[in-house]
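J.: prediction below, plus the sequence it came from.
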Amino acid sequence: MSLNRTAKGIVLVPSLLLGGAFLAASLWNQGEAAANRTLAATLGGILMATGLLSQLLPEPTKQDPGEAQQPDADGP
């Protein structure tokens, strides 16, 4: 399965949305949420970094179909 722009977008959008939600939860200082600030900030940072880093993956170059099926010049 090859990487493409659609797959990158599918990874990017949920990662940024969930990462933003976790970072927002880490800023909340009331009740039970205050005890989990470090966990929420860590998860938010990891999710946002994953989404952004997925955009840096190189896209594969398209190969000519005729180029792949040519016989070797060294063959018998």
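T.: That came through, no problem. If you're wondering where the values come from, they're calculated on a predicted model, not measured in any experiment.
J.: mind checking the longest helix of this protein?
T.: helix 5-27 (DSSP state H).
J.: mean confidence score for that helix?
T.: On average, the pLDDT along helix 5-27 is 89.
J.: please point out which parts of that helix sit buried.
T.: For helix 5-27, the neighbour count (16 or more other Cβ atoms under 10 Å) marks 8, 11-12, 15, 18-19, 22-23, 25-26 as buried. Quick note: C-beta positions are derived from backbone N, CA and C, even for glycine.
J.: before we move on, what about stretch 53-60?
T.: Neighbour count says stretch 53-60 has residue 54 buried, by 16+ other Cβ under 10 Å.
J.: mean confidence for it?
T.: 79.
J.: could you give the separation of that stretch from the chain centroid?
T.: When distances are taken as Cα atoms, centre = their mean, to the nearest Å, stretch 53-60 is centred 8 Å away from the chain's centroid.
J.: also stretch 32-50?
T.: Worked out by Cα atoms, centre = their mean, stretch 32-50 lies 18 Å from the chain centre.
J.: got the CA coordinates for that stretch in PDB?
T.: These are the backbone C-alpha positions of stretch 32-50, laid out as PDB (Å, rounded to 0.1, in the frame of the first residue of the first chain):
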ATOM      1  CA  GLU A  32     -10.400  15.600  38.900                       C
ATOM      2  CA  ALA A  33      -8.900  17.000  35.700                       C
ATOM      3  CA  ALA A  34      -6.200  18.800  37.600                       C
ATOM      4  CA  ALA A  35      -4.700  15.500  38.700                       C
ATOM      5  CA  ASN A  36      -4.200  14.400  35.000                       C
ATOM      6  CA  ARG A  37      -2.600  17.500  33.600                       C
ATOM      7  CA  THR A  38       0.700  15.900  32.800                       C
ATOM      8  CA  LEU A  39      -0.900  12.900  31.100                       C
ATOM      9  CA  ALA A  40      -3.200  15.100  29.000                       C
ATOM     10  CA  ALA A  41      -0.400  17.400  28.000                       C
ATOM     11  CA  THR A  42       1.800  14.500  27.000                       C
ATOM     12  CA  LEU A  43      -0.900  12.800  25.000                       C
ATOM     13  CA  GLY A  44      -1.800  16.100  23.300                       C
ATOM     14  CA  GLY A  45       1.800  16.800  22.400                       C
ATOM     15  CA  ILE A  46       2.400  13.300  21.000                       C
ATOM     16  CA  LEU A  47      -0.800  13.300  19.000                       C
ATOM     17  CA  MET A  48      -0.100  16.800  17.500                       C
ATOM     18  CA  ALA A  49       3.500  15.800  16.700                       C
ATOM     19  CA  THR A  50       2.400  12.600  15.100                       C
END
